[in-house]
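Peer 1: Model the structure of this input:
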Amino acid sequence: MTTQTNASVAGNLSKIIVVGAGPSGLLLSILLAKHGINVELLEATERLDEQPRAAHYASPAVYELRRAGVIDDVIESGFKPTSACWRKANGEIIAGMRFDVVPDDPERMVVLPLDRLGKLLYAHLQRQPLAKIYWGHRVTEIGEENGKAWVNAETASGPVKFEGDYVVGADGANSTIRKLLFGPNSFEGETLNAAIIATNVIHDFTKYGYWDTNYIVDPKNWHMVAKIGRDDHLYRVSYSEVPGLTPEEYKRRQPNRYREILPGNPEPSEYTITNINPYKLQQRCAPSFRKGKFVLMADAAHVCNPFGGLGLTGGIADLGSLFDCLYGIHQGLADDGILDRYAEIRRKIYREVINPLSRENFRRLWGQDPDKAKENDEFFKLLNRAETDKELAKELTLGLNILRHDFTQYYKKDVSS
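Peer 2: Okay, here's the model as predicted:
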C-alpha cells in the first residue's frame, strides 16, 4: 500500500477519534494521519505512561511498526534478540529457540520497553499535520447522532465535545469506552489465581550463561529473565508471588525472592532495580469489538497473561487490521460492513489463538515436572527437533504471524462500482 502524506487528500472519512495515547493509540494515529485521515487523539492523563511494561515485538507487530515508518528508530533504540530458552531452577536448559535462523527477515522480533516506544511514537506523531493530541481529556459520555460518533471529555477547563466518523477505544484494560458501550462488568473472562512482580534490573546475567530470554520452569519459583537493553545489563525479571498482598508488601519481599530464584543468590548490593510493579494475570475479552460507530482494539478489547508476548503483539495486530479497514472505507474500497468483519475475526483470533496459547505458555512454567518436561511437553519436543531442522526453526520463529489477518482481501474488486 502506498503511503499518503498529502494533508489535502480527499476521502470518505473526515475524522477519526482515538481514545487512549498508549502505544497502540499512538501507532494507529500515525498510520491514519500518514494516509490522509484526520485524527484526534484523546488521553485522560497529562503525559505518556512511563511504566516499562512489555518489551518484545514479534513479527506481526514489527510489520505494523514498519508500515508506520518507525521501525528503524525502534531498532536503533532497542535490539533484535537472538535466542530464548526454558530452564530448570538449577539453570539446566530444557529447550531453546534461535531467532537468528532468519537473520535477513525484515519482520524479525525487536525488543524495546513500551515506555521508550511510547516516547518514540509520540515524536513521530507530532510531525503529522493531520493528527492532534489532547492531554488531560477524560471521556465521560459517548453517543451517536446524524451519522457521527461523539464523546464528551472532562478537562481542567470544563467539558469538551468531540465528533468523528468513528471512535476507536484504545484506552487499555480499564477502558472507559468499553464500559460505556457494554457495561462496567462486561470484560468477560477471569483473573488467574496468581500474581507476578515485574522488575527492571541492572545485573549481569551473561556470566551465568543466560540467553537473551530465559523462562524458568518450576512449580513454585517460575519466572522469566529477559534482556531488554541494547548495551547495558538491563533485564526484565518477572517472578511468581503469592496473590493478594499490597504493593508495599511485594516490594519488601523482593530482595528475598531474588535470593531464592536467581543464579548466584544475589544480594541487593549486587544489582540495581530501576522499576518494580505487581501485575494481575487476566484472560479477558470484550463481548464485541464493535458497537455502531465505536470500535475497540488492543487491551481495551482483550487481555492475557504476558508470557509469550501475545497481548502486546496481538494488540498491535488489531490496530493494523483496523487501519486497513478504516483506510478501505476512506478510499471507497470498502463499506462500513468491513468493521463487522474486523470485530468478528479479531475476536475469533483472541478466542482461538491468543487466549489458549497464552494460557498454555503460562501453564508451561509451573504446571509440569521440570525433570520430565523435555520428554512430555509437545512444544519442547518441537524446539528440540528444530535444533537440526532449519526450516522448522524458521517456522517456529515466525509462528506468531498467525495473529495477522489481511483485511484488504475484503476490499471491493471493482473499485468503480
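Peer 1: Stretch 381-400: which residues count as buried?
Peer 2: Residues 382, 383, 384, 386, 393, 396, 397, 398, 400 are the ones in stretch 381-400 that count as buried (16 or more other CB atoms under 10 Å). Backbone N, C-alpha and C define where each C-beta goes, glycine included.
Peer 1: any weak-confidence spans in the chain?
Peer 2: By pLDDT under 70, the weakly predicted segments of the chain are 1-10, 52, 414-417.
Peer 1: And the residue nearest to the spatial centre of it, how far from residue 324?
Peer 2: By CA atoms, centre = their mean, the mean C-alpha position of the chain lies nearest to residue 312, the distance being 1.4 Å. Going from residue 312 to residue 324 by CB to CB, to the nearest Å gives 20 Å.
Peer 1: can you check residue 227 too?
Peer 2: 33 Å.
Peer 1: tell me the contacts of residue 256?
Peer 2: The contact partners of residue 256, taken as CB atoms under 8 Å, 6 or more residues apart in numbering, number zero.
Peer 1: Mind telling me what element it is part of?
Peer 2: Using DSSP states H and E, residue 256 maps to helix 247-261.
Peer 1: Direction included, what does the helix or strand just after that helix pair up with?
Peer 2: Later in the chain than helix 247-261, the nearest helix or strand by DSSP H and E is strand 272-285. Here strand 272-285 has these sheet partners by DSSP bridges: strand 188-202 (antiparallel), strand 302-303 (antiparallel).
Peer 1: After the first one, which helix or strand is next? Please name it.
Peer 2: Think strand 188-202. Strand 188-202 is succeeded, C-terminally, by strand 213-216 (DSSP H and E).
Peer 1: Could you name the helices and strands sitting against that next one?
Peer 2: strand 83-87, strand 223-227, helix 355-366 (3 or more CB pairs under 8 Å, 6 or more residues apart in numbering; DSSP states H and E).
Peer 1: For the longest one, give me every contacting residue.
Peer 2: With contacts defined as CB under 8 Å, 6+ apart, helix 355-366 is touched by 86, 192, 194, 215-220, 222-224, 240, 281, 283, 285, 302, 304-305, 307-308, 310-311, 373, 377, 379.
Peer 1: nearest to residue 13, of the helices and strands packed on strand 213-216?
Peer 2: Between residue 13 and those, the tightest spacing by CB to CB is seen for helix 355-366, at 31.9 Å.
Peer 1: Tell me how far that closest one lies from the chain's centre.
Peer 2: 17 Å (CA atoms, centre = their mean, to the nearest Å).
Peer 1: same deal with stretch 232-249?
Peer 2: Distance, centroid of stretch 232-249 to centroid of chain: 20 Å (CA atoms, centre = their mean).
Peer 1: Quick one: end-to-end distance for that stretch.
Peer 2: End-to-end distance for stretch 232-249, by CA to CA, to the nearest Å: 29 Å.
Peer 1: swap in stretch 361-374?
Peer 2: End-to-end for stretch 361-374, by CA to CA: 15 Å.
Peer 1: try stretch 161-170
Peer 2: First-to-last residue span, stretch 161-170, CA to CA: 18 Å.
Peer 1: And the contacts of it?
Peer 2: 13-20, 22, 24-25, 28, 40, 42, 142, 148-153, 175-178, 181, 293-298, 300-301, 319, 322, 326, 339.
Peer 1: sorry, back to before: please name whichever of the helices and strands packed on strand 213-216 is nearest to residue 76.
Peer 2: Nearest to residue 76, of the helices and strands packed on strand 213-216 and by CB to CB, is strand 223-227 at 16.8 Å.
Peer 1: any idea of the angle the helix or strand just after the closest one forms with helix 355-366?
Peer 2: Next helix or strand after strand 223-227 toward the C-terminus (DSSP H and E): strand 234-241. Here strand 234-241 runs at an angle of 80 degrees relative to helix 355-366 (axes from the mean of the first three to the mean of the last three CA atoms, to 10 degrees).
Peer 1: What helices and strands are in contact with strand 234-241?
Peer 2: Using 3+ CB pairs under 8 Å, 6+ apart, strand 234-241 sits against strand 188-202, strand 223-227, helix 247-261, strand 272-285.
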